[in-house]
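**Student:** No sequence on hand, only this structure:
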C-alpha cells in the first residue's frame, strides 16, 4: 500500500548495499551516479541541515527547528526531477514568504550595517555564519542540478539572508567583527 504524502518514511534497515557501486536512487526511483549534480544539491542541503542542528545546540530557536524540517522537504524536492504541477512534495511560496517576514522582524532590531561583517564573534554567530556559507553552496549546487523547482533556489537564497541576520543578532550587544579594508597594513 503506498504511503500518504504526509506520512513519515519508515526505515526498516539502514544499509541497503544499493549504493555500493557508486550509484543511488533519486526520489522517483531512478538510479544515478552519486556524482550527479542533483545528488550534490540535496547532499549540500543535508549538510546545511546538520549544521543547523549544531546551531540549535546553542540557539534552541523554534524558527530553526521549523526550517530544519523544511530542509528535509527541500531535499525531497531536489531528489525528484521537477515538472510543474507534478503533485510531488515541493517548496512553496508560503515558506519563502515566512522567511522574508522573519528576516524583516530579526533585522528591525539591529543597527544599520556600516561595513561587511567578518564571520565570527560569539559561538552562536560563528556557527550561523558557517551554516550561511553552506547554504550559499547549496544554492549554487541547486542551480547546477539542472531543472529544479525554481522556488527551491529562492528558498535557499532567502534562508542564507536569514542566517546572516541571525548571526548579526547573535552578536548584538557585543563586538560585531567588521571588515576593515586593507586591515592592519
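**Tutor:** In hand now; what should we look at? From a predicted model like this one, the values you see are computed outputs, not experimental measurements. Numbering: from 1, shown residues only.

**Student:** Can you give me the neighbour number for the nearest residue to residue 177 once chain neighbours are set aside?
**Tutor:** Spatial nearest neighbour of residue 177, chain neighbours left out: residue 118 (4.0 Å); criterion: C-beta to C-beta, 6 or more residues apart in numbering. Bear in mind the C-beta positions are built from the backbone N, C-alpha and C, glycine included. By the measure other C-beta atoms under 10 Å, the count of residues near residue 118 is 12.

**Student:** what sits against residue 118?
**Tutor:** 177, 178, 179 (C-beta atoms under 8 Å, 6 or more residues apart in numbering).

**Student:** What score does it have for pLDDT?
**Tutor:** With respect to pLDDT, residue 118 scores 92.

**Student:** can you give me the helices in the protein?
**Tutor:** Taking DSSP state H, the helices of the chain run over residues 37-59, 62-78, 93-108, 123-144, 150-170.

**Student:** And those helices: which comes nearest residue 21?
**Tutor:** helix 37-59 (14.2 Å; C-beta to C-beta).

**Student:** Any idea how far apart the tips of stretch 70-84 sit?
**Tutor:** The first residue of stretch 70-84 is 20 Å away from its last residue (C-alpha to C-alpha, to the nearest Å).

**Student:** tell me which residues in that stretch are buried?
**Tutor:** Neighbour counts over stretch 70-84 (16 or more other C-beta atoms under 10 Å) mark 70, 71, 73, 74, 75, 76, 77, 78, 79, 80, 81, 82 as buried.

**Student:** Most widely separated two among these?
**Tutor:** 70 and 81 (20.3 Å).

**Student:** wouldn't residue 79 be in contact with residue 30 here?
**Tutor:** No: the pair residue 79 / residue 30 is not scored as a contact, 10.1 Å apart, by C-beta atoms under 8 Å.

**Student:** where does this protein dip in pLDDT?
**Tutor:** 1-3, 5, 9, 185 (pLDDT under 70).

**Student:** can we see that at 80?
**Tutor:** Counting by pLDDT under 80, the ranges of the chain that qualify are 1-14, 18, 20, 24, 26, 29, 183-185.

**Student:** which ones are touching residue 139?
**Tutor:** Going by C-beta under 8 Å, 6+ apart, residue 139 touches 153, 156, 157, 160.

**Student:** Give the buried subset of the residues you listed as a ChimeraX selection command.
**Tutor:** Only the buried entries of those go into this ChimeraX selection, using 16+ other C-beta under 10 Å:
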select :153,156,160
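
**Student:** who touches residue 122 in this structure?
**Tutor:** Contacts of residue 122 by C-beta under 8 Å, 6+ apart are 170, 171, 174.
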